[in-house]
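Visitor: give me the fold of what follows.
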Amino acid sequence: MNDKIKILLVDDDPELCNLLCQYLDKQGYSVSSVGNGSELDQFLANNTAVDLIIMDLMLPGEDGLSIIKRLHSKIDTPIIMLSACGEDVDKIIGLEIGAADYLAKPFNPRELLARIRSVLRRGSEQKDIKQESDNIYSFGPYVFNISNQNLQLQDKKISLTYGEFSLLKIFVENPKRVLSRDNLLEKLKGYDCAPFDRSVDVRIMRLRNKIETDSATPQYIHTVWGKGYQFIPLNS
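Guide: Sure, this is the predicted structure:
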């Protein structure tokens with residue numbers, strides 16, 4: 001029985017695919033590659049057991065961001081984005097529509113390996129959480145069930161992206177504690193983050209838009225100037 005972790009690489013650069021497949025194979029992973037969205041769909045139709053997808057954003061035909069968006073509603077497989085652009089907007093959009101992480105080209109294969117391990121570790125932690133039955137938090141009128149990744153406002157389910165869910169989970173598990181941006185990035189990513197990474201600020205803005213009555217004057221997620229953010233449950 002082959003119990004290797006299965007990774008699918010989506011990139012139209014044969015040389016890069018060959019290099020990464022060889023490198024990751026030596027690290028103990030089982031790696032396959034395809035060159036575009038159509039080949040990806042065909043591969044997933046015939047191979048359901050994929051543990052991680054590494055996807056270039058600059059693909060022929062359907063672009064990577066579009067693929068990530070449609071896959072997010074169909075499968076739970078984490079996706080690491082690759083892009084030669086290095087644009088913050090690509091990174092932010094990708095994270096918000098469901099990608100688990102982002103890496104700009106060119107990159108050191110060892111850094112990609114660190115990202116892979118981090119994403120897979122987070123996924124394993126999520127699976128452990130789902131086995132528990134008492135991971136339910138309430139704040140104000142909301143009920144947040146970590147076990148099934150569900151945020152409920154009375155009878156209404158609030159849709160959360162992977163990034164928003166992960167961020168809210170950190171906040172409810174650390175009530176009233178001031179968390180710096182670096183603290184949050186470390187908890188979200190599990191590795192050393194780049195200086196001045198502002199993706200957390202964008203996630204917080206999106207999360208506030210979903211849970212705050214007025215995101216301009218937040219009740220739950222407070223900005224502590226010069227220090228970071230603080231989650232106040234407001235439970236009686």
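Visitor: SS state for residue 151?
Guide: strand (DSSP: H, G, I helix; E, B strand; the rest coil).
Visitor: tell me the contacts of it?
Guide: With contact set as CB atoms under 8 Å, 6 or more residues apart in numbering, residue 151 has these partners: 142-145, 157-158, 160, 165, 168, 210-211. Where you see a C-beta, it was placed from the backbone N, CA and C, and this is true even at glycine.
Visitor: among these, which ones are in helices?
Guide: Among the contacts of residue 151, DSSP state H puts 165, 168, 210-211 in helices.
Visitor: who wins for neighbours among those residues?
Guide: Tallying neighbours with other CB atoms under 10 Å puts residue 168 at the head of the ones in helices among the contacts of residue 151, with 26 neighbours.
Visitor: so what's that one scoring on pLDDT?
Guide: With respect to pLDDT, residue 168 scores 92.
Visitor: repeat that for the one 3 residues further on.
Guide: At residue 171, the predicted lDDT confidence score is 91.
Visitor: that one and residue 15, how far apart?
Guide: From residue 171 over to residue 15 the distance is 43 Å, taken as CB to CB, to the nearest Å.
Visitor: domains for this protein, by residue range?
Guide: 6-129, 133-231 (automatic domain parsing).
Visitor: show me where pLDDT drops low in this structure?
Guide: 1-2, 85-88, 122-134, 189-198, 235-236 (pLDDT under 70).
Visitor: strands of that one, start to end?
Guide: Counting by DSSP state E, one finds strands in the chain at the ranges 6-10, 30-34, 52-56, 79-83, 101-104, 136-139, 142-145, 150-153, 156-158, 178-179, 221-224, 228-231.
Visitor: can you pull out the helices in this protein?
Guide: Under DSSP H, the chain gives helices at 14-26, 37-46, 64-72, 88-96, 109-130, 162-173, 181-189, 199-211.
Visitor: okay, stretch 63-70 in PDB with CA atoms only?
Guide: The C-alpha trace of stretch 63-70 is given here as PDB (Å, rounded to 0.1, in the frame of the first residue of the first chain):
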ATOM      1  CA  ASP A  63      -6.100  31.300 -15.000                       C
ATOM      2  CA  GLY A  64      -5.100  30.000 -11.600                       C
ATOM      3  CA  LEU A  65      -7.300  32.300  -9.600                       C
ATOM      4  CA  SER A  66     -10.400  31.300 -11.500                       C
ATOM      5  CA  ILE A  67      -9.500  27.600 -11.000                       C
ATOM      6  CA  ILE A  68      -8.900  28.100  -7.300                       C
ATOM      7  CA  LYS A  69     -12.300  29.900  -6.900                       C
ATOM      8  CA  ARG A  70     -14.300  27.100  -8.500                       C
END
